[in-house]
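Asks: Sequence plus the predicted model coming up.
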Amino acid sequence: MKIGILQTGHSPAPLIDEMGDYDQIFRTLLDGNGFTFDVYPVVDGVFPDGPEAAEGWLITGSRFGAYEDHDWIPPLEQLIRDIRDSGKPLIGVCFGHQIIAQALGGKVEKFAGGWSVGRTEYDMDGQSFALNSWHQDQVTERPDGARVLGGNAFCENAVLAYGDTIWTIQPHPEFSQPFIEGLLRTRGKGVVPDALLEKAESQLDAPLDQARIAQFMAEFFKKERSK
């Protein structure tokens, strides 16, 4: 199965050398499921011809805001609607989660409660899971038809679904503890409050549910759907 990665940002330069760019860490996360990948760095203006270019689609995180004025955001929103209409599976992570909601009629904004950084626990379908988060923006108004599958007191709309073809998540299943440690070094200081950085650093040895969520994502892509 070919997965098209719509890359909306880049890892900090030092982390690209150490652990790879955003597309590579998703390849690593989903390794072993028989997928092949085509990467489209839409953040740099590179787009696929349309939904038929892949059998499934994934939108990465980004340091940009979905509501910001960038030339690549309107065509990305149109592509999201085209993918929805095609019936092909689509997964969005962090910025991907947000831009899908915005493209389908929801609202994204800087959350008044501030940042969520590092290991964070969520509830989904009556079970808890822990992933790394790194965001200040949130989906504050859901599009019509969006179902809430998971969240917590800080982020109510952390996991959303649209029909059986679109699934999105606010935290980062692809961010390992070493990657978060790298973000703390390269993007945290002076941006994220020190207390949150210190808390995130104190949890770098705590376990995550990356494998569990990666398995869910793989099964979501492969799921049989009626035409």
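Replies: Arrived safely. Numbers count the residues shown, from 1 in each chain.
Asks: Sketch out the helices for the chain, chain order is fine.
Replies: Applying DSSP state H to the chain gives helices spanning 13-19, 22-29, 73-86, 95-103, 177-183, 194-202, 210-222.
Asks: Buried residues of the third one, list them for me.
Replies: Applying a neighbour-count criterion of 16 or more other CB atoms under 10 Å, one finds 73, 76, 77, 79, 80, 83, 84 buried in helix 73-86. Bear in mind the C-beta positions are built from the backbone N, C-alpha and C, glycine included.
Asks: cool, the fifth one as well?
Replies: Along helix 177-183, the positions that meet the burial threshold by neighbour count (16+ other CB under 10 Å) are 177, 179, 180, 181, 182, 183.
Asks: Surely the last one touches residue 118?
Replies: It stands for residue 183. No - using CB atoms under 8 Å, residue 183 is not in contact with residue 118, being 9.1 Å away.
Asks: Spit out the residues that contact the two alike.
Replies: Applying CB atoms under 8 Å, 6 or more residues apart in numbering, one finds that residue 183 and residue 118 are jointly contacted by residue 134.
Asks: Give the other helices and strands that the helix or strand of the chain with the lowest mean pLDDT contacts.
Replies: Every helix and strand of the chain was ranked by mean pLDDT, DSSP states H and E. The lowest is helix 13-19, at a mean of 91. Secondary-structure packing of helix 13-19 (3 or more CB pairs under 8 Å, 6 or more residues apart in numbering; DSSP states H and E): helix 177-183.
Asks: Return the list of helices and strands in contact with the helix it packs on.
Replies: Contacts defined by 3+ CB pairs under 8 Å, 6+ apart place helix 177-183 against helix 13-19, strand 116-124, strand 127-135.
Asks: Pull the distance from that helix to the chain's centre.
Replies: Distance of helix 177-183 from its chain centroid, counting by CA atoms, centre = their mean, to the nearest Å, is 16 Å.
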